[in-house]
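Student: Mind looking at a prediction? Sequence and model below.
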Amino acid sequence: MIETITDLAALRARVAQWRREGLRVALVPTMGNLHEGHYSLVRLARQHADRVITSVFVNPTQFGPNEDFSRYPRTPEADALGLGAAGCDVMWLPTVETMYPYGVEATVRVQVPGVSTTLEGAHRPGHFDGVATVVSRLFNQVQPDVAVFGRKDYQQLAVIRYMVRDLAFAIELVGADIVREGNGLAMSSRNQYLSADERGTAAAIHRCLLAMRDAIAAGTPRAAVEAEAVKRLEADGFVPDYAVVRRPDLTEPADGEGGPRVALIAARLGRTRLIDNLEFGG
């Protein structure tokens, strides 16, 4: 049965015990309300470590003033059951006071330059400051050997990679493949906000990503690919924030330039904002 820990001293004691036994420890950071996509991260973490800790913390510093912090679902009991079935050893369930002992407004913040300011960073100012701040704290609390993040939050993983290298965290980062529903919709906690009709419509994002990939492969100029993607999303009822093709470091490639690419989309459907991406080329 999975162990739930809410006290930082108890968490450190458990990790110290594992260290004395020579065990390798993995961390899977989450905000809870877990689904199959999260559980796949736990199973992947299990392949890289002897013990797996999953943090469940709805982080207030990564939500903007008009975002859904208050309505973000909190389901720790169901999360614990699912994590246990997925092979997790400990659910780390800190309070806001444990995570931010001086309060959210007075906390030390971690800012990652460059990669955190484009795309999601441009549409959600301060979001990645909150992500980097809480992940750095989780790294200090758990001190894992390896940490697993989903590639669905592509830019978040890029921000974390930058932070880990720049702050010299001795942690191996593992990016996990996107888990999709049968119609191609990327699994997300926010999918539950979609109506039944919207859930079917939302699969159009993946089809749009595939069309962007194919158009780039056919030699279509990037600007035309991105413009067509926006039109396509709007025709399907979305309000796109962006539909772009980038290099893996999220900089803009030149037309005809070789190398790996990633197509990224963020778009609203009704009240729900969805993100997805597709890596290709190389």
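Tutor: Cool, got the structure.

Student: Report the contact partners of S136.
Tutor: 110, 163, 167, 169 (CB atoms under 8 Å, 6 or more residues apart in numbering). Where C-beta positions appear, they are placed from N, C-alpha and C, glycine not excepted.

Student: Neighbour count says what about these? Which are buried?
Tutor: 110, 163, 169 (16 or more other CB atoms under 10 Å).

Student: Save those as TSV, and put in distance to W18 too.
Tutor: Formatted as TSV, the buried ones among the contacts of S136 follow (distance: CB to CB, whole Å):
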residue	distance to W18
V110	26
M163	25
F169	18
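
Student: Just name the closest of those residues to E3, please.
Tutor: Set against E3, the nearest of the buried ones among the contacts of S136 by CB to CB is F169 (24.8 Å).

Student: which one of the contacts of S136 is nearest L27?
Tutor: So of these, ranked by how close each gets to L27 (CB to CB), first place is F169, at 11.1 Å.

Student: Torsion angles phi and psi at the closest one?
Tutor: Taking degrees, to the nearest 10, you get phi -70, psi 130 for the backbone angles of F169.

Student: which phi and psi does N66 have?
Tutor: Torsion angles, degrees, to the nearest 10, at N66: phi -110, psi 20.

Student: low-scoring stretches of this structure, by residue?
Tutor: 282 (pLDDT under 70).

Student: ranges for the strands of it?
Tutor: 3-5, 25-30, 51-56, 90-92, 146-150, 172-176, 239-246, 260-269, 272-281 (DSSP state E).

Student: Quick check: neighbours of the fifth one in the sheet, parallel or antiparallel?
Tutor: Based on DSSP bridges, the strands next to strand 146-150 in the sheet, each with its direction, are strand 25-30 (parallel), strand 172-176 (parallel).

Student: Buried residues, the last one. List them.
Tutor: To tie it back to what came earlier, the one meant is strand 172-176. Buried residues in strand 172-176, counted by 16+ other CB under 10 Å: 174-176.

Student: which ones are touching the most centrally placed residue in the chain?
Tutor: Nearest to the mean C-alpha position of the chain, by CA atoms, centre = their mean, lies D153 at 3.6 Å. Neighbouring residues of D153 by CB under 8 Å, 6+ apart: I275.

Student: gap between it and G175?
Tutor: 10 Å (CB to CB, to the nearest Å).

Student: can you put the strands paired with strand 146-150 in CSV and add distance to V131?
Tutor: Formatted as CSV, the strands paired with strand 146-150 follow (distance: least, CB to CB, whole Å):
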stretch, distance to V131
strand 25-30, 9
strand 172-176, 14
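
Student: would a markdown table of the strands of the chain with distance to Q17 be doable?
Tutor: Below are the strands of the chain laid out as a markdown table (distance: least, CB to CB, whole Å):
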| stretch | distance to Q17 |
| --- | --- |
| strand 3-5 | 12 |
| strand 25-30 | 11 |
| strand 51-56 | 10 |
| strand 90-92 | 11 |
| strand 146-150 | 18 |
| strand 172-176 | 21 |
| strand 239-246 | 44 |
| strand 260-269 | 41 |
| strand 272-281 | 38 |
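
Student: Relative to P65, which of those is closest?
Tutor: Nearest to P65, of all the strands of the chain, is strand 272-281, at 14.9 Å by CB to CB.

Student: May I ask you to name the longest helix in the protein?
Tutor: Longest helix of the chain, by residue count under DSSP state H: helix 127-142.

Student: so S55 touches T30, yeah?
Tutor: Yes: using CB atoms under 8 Å, S55 is in contact with T30, at 6.4 Å.

Student: who's more crowded, those two?
Tutor: Neighbours were counted for S55 and for T30 using other CB atoms under 10 Å; S55 has more, 25 against 22.
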